[in-house]
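In: Predicted coordinates and the sequence they were generated for:
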Amino acid sequence: QVQLVESGGGLVQAEHSLTVSCAASGSTFRSFFMGWFRQAPGKEREFVAGISLSGATTFYADSVKGRFTISRDNVKNTVYLQMNRLKLEDTAVYYCAASNRVGRNPTDFGSWGRGTQVTVSS
């Protein structure tokens with residue numbers, strides 16, 4: 001288990017950028033596959049991006065590919081999600097999560113943060 005705390009959410013205009021962060025406690029951060037998910041009101045939680053243990057391999061949902069970038073710093077125990085060219089439909093609560101295996105399904109992930117709200121306005 002690892003404790004996760006997201007930060008950096010807020011209100012941003014469409015087509016602008018925002019970076020959210022997720023700080024992990026414990027010395028085992030580098031042993032987890034990390035993912036970002038989001039959940040909009042009335043919708044299911046969906047996979048946004050994932051990153052391998054070393055950071056060398058990344059995965060993205062088609063809806064964010066080319067606009068979002070996931071990265072990690074295994075010294076700072078932090079994973080980031082840089083979001084560019086934001087759209088109204090990107091509005092959601094963004095969660096980071098840790099898993100013992102590569103996956104895109106929320107059930108693959110055993111540790112979750114509480115989320116940070118990202119609201120995109122026109």
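Out: Received it, and whenever you're ready, just let me know what you need.

In: alpha carbons only for contacts and neighbour counts from here, please
Out: Will do.

In: buried stuff in stretch 9-22?
Out: Within stretch 9-22, the residues scored as buried using 16 or more other C-alpha atoms under 10 Å are 9, 12, 14, 17-22.

In: Kindly report the same for stretch 72-83.
Out: 72, 74, 77-81, 83.

In: beta partners for the most centrally placed residue in the chain?
Out: The centroid of the chain falls nearest to residue 36 when counting by C-alpha atoms, centre = their mean (2.4 Å). Following DSSP bridges, residue 36 is listed with bridge partners residue 49, residue 96.

In: Quick check, residue 45 in contact with residue 92.
Out: No. Counting by C-alpha atoms under 8 Å, residue 45 sits too far from residue 92 to count as a contact (9.5 Å).

In: Which of these two has more residues huddled nearby?
Out: Using other C-alpha atoms under 10 Å as the criterion, residue 45 and residue 92 rank with residue 92 on top: 21 against 17.

In: ok, what's across the strand from that one?
Out: Under the criterion used (DSSP bridges), residue 92 bridges to residue 118.
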